[in-house]
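# predicted model and sequence below, questions to follow.
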Amino acid sequence: MTVAVLSIGSNIGDRRAHLESVVDALGERLIARSRIYETPPWGGVEQEPFLNAILLAEDSDWLPDDWLALAQRCEGAADRVRDIRWGPRTLDVDIVTCHDADGEIRSGDPRLTLPHPRAHERAFVLVPWAQARPGASLGGIPVTELLDRLPAAEVQAVRPLDPPRGW
Ligand SMILES: Nc1ncnc2c1ncn2[C@@H]1O[C@H](COP(=O)(O)OP(=O)(O)OP(=O)(O)O)[C@@H](O)[C@H]1O
Ligand SMILES: Nc1nc2c(c(=O)[nH]1)N=C(CO)CN2
C-alpha cells in the first residue's frame, strides 16, 4: 500500500479543467484535496499565473512507479509539451512524496526522485499541502516549518481562489 502526495499545476488553457482531469483519473484513490490556489510563476520564467493544488491518494497495490505513470498519463492527455524548463504548461503533475507501511520512501533515481528535490522550496506546493493536511511533514520536517523558512512574500502570494466552488 502506498499513499502519494501529488502537486498539480496548470497555466495554459482551461486551467481548472486540467486540474480536475487528475481528480477524475484518480477516481476512488483520492483521499484528500486542497483548495485551488492561484500562484505567481516560480523558477524565473516570465509567464501567466498558475493554478495549483495538492491531491492525496492511496492504492493498496501501487508502487511509486505507478503514481509516476499516472502523472505522465494525465500530462499526456492534457497535450503537455516539454519545451522550456519551468516554463508554461497545460498540466504538471509532480510526486511530492510517497509513503508505504515503513514511512516516507526515498529514491535518488532521476526518473523518480523521492521526496521531490524542489518541493521544500515551493510555496505553491507547501501552502496547499498544509491546508489539506495540517500535520504533514516532508523529509521529517513539518511543512509549516518549511513554510516559515521561505520569504513571507512568496507564501502570501499563494492565494486560494475565492469562492472555493466545491474545492
Ligand atoms: N518526484 C517526481 N515527480 C515527477 N517527476 C519526477 C520526479 N522525480 C523525477 N521526475 C522526472 O522528472 C522528469 C521531468 O519532469 P517535468 O518535465 O515535469 O519537470 P518540471 O516540472 O519542468 O520540473 P520540476 O521537476 O522542477 O517540477 C520526468 O520525466 C520524471 O521522470
Ligand atoms: N507557481 C508555479 N510555478 C511553476 C509551476 C507551478 O506549478 N506553479 N510549475 C512549473 C513547472 O515546473 C514552474 N513554475
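Great, that's in hand. Ligands and ions are numbered 1, 2, ... in the order given.
# please count neighbours and contacts with C-alpha atoms only from this point.
Will do.
# next, count neighbours for the closest residue in space to D79 that isn't next to it in sequence.
The spatially closest residue to D79, leaving aside those adjacent along the chain, is T90, at 7.2 Å (CA to CA, 6 or more residues apart in numbering). Close neighbours of T90, defined as other CA atoms under 10 Å, add up to 22.
# what does the protein put close to ligand 2?
Selection of the chain residues close to ligand 2 by CA under 6 Å from any ligand atom yields G9, T39, P40, P41, W42, G43, F50, N52, W86, G87, F124.
# can you flag which of those belong to strands?
Those of the residues of the chain next to ligand 2 mapping onto strands are G9, T39, F50, N52, per DSSP state E.
# closest to ligand 1 among those residues?
Using CA to the nearest ligand atom, G9 is the member of these that sits closest to ligand 1, with 9.2 Å.
# if we can go back for a sec, put the buried members of the residues of the chain next to ligand 2 into a ChimeraX selection.
Listed next is the ChimeraX selection for buried residues among the residues of the chain next to ligand 2, using 16 or more other CA atoms under 10 Å:
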select :9,39,40,41,42,50,52,87,124
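# quick one: the residues of the chain next to ligand 2 as JSON lines, columns for pLDDT and distance to ligand 1 too.
Converted to JSON lines, the residues of the chain next to ligand 2 look like this (pLDDT from 0 to 100; distance: CA to the nearest ligand atom, whole Å):
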{"residue": "G9", "pLDDT": "98", "distance to ligand 1": "9"}
{"residue": "T39", "pLDDT": "98", "distance to ligand 1": "15"}
{"residue": "P40", "pLDDT": "98", "distance to ligand 1": "15"}
{"residue": "P41", "pLDDT": "97", "distance to ligand 1": "12"}
{"residue": "W42", "pLDDT": "97", "distance to ligand 1": "10"}
{"residue": "G43", "pLDDT": "95", "distance to ligand 1": "8"}
{"residue": "F50", "pLDDT": "98", "distance to ligand 1": "13"}
{"residue": "N52", "pLDDT": "98", "distance to ligand 1": "12"}
{"residue": "W86", "pLDDT": "91", "distance to ligand 1": "5"}
{"residue": "G87", "pLDDT": "92", "distance to ligand 1": "7"}
{"residue": "F124", "pLDDT": "98", "distance to ligand 1": "11"}
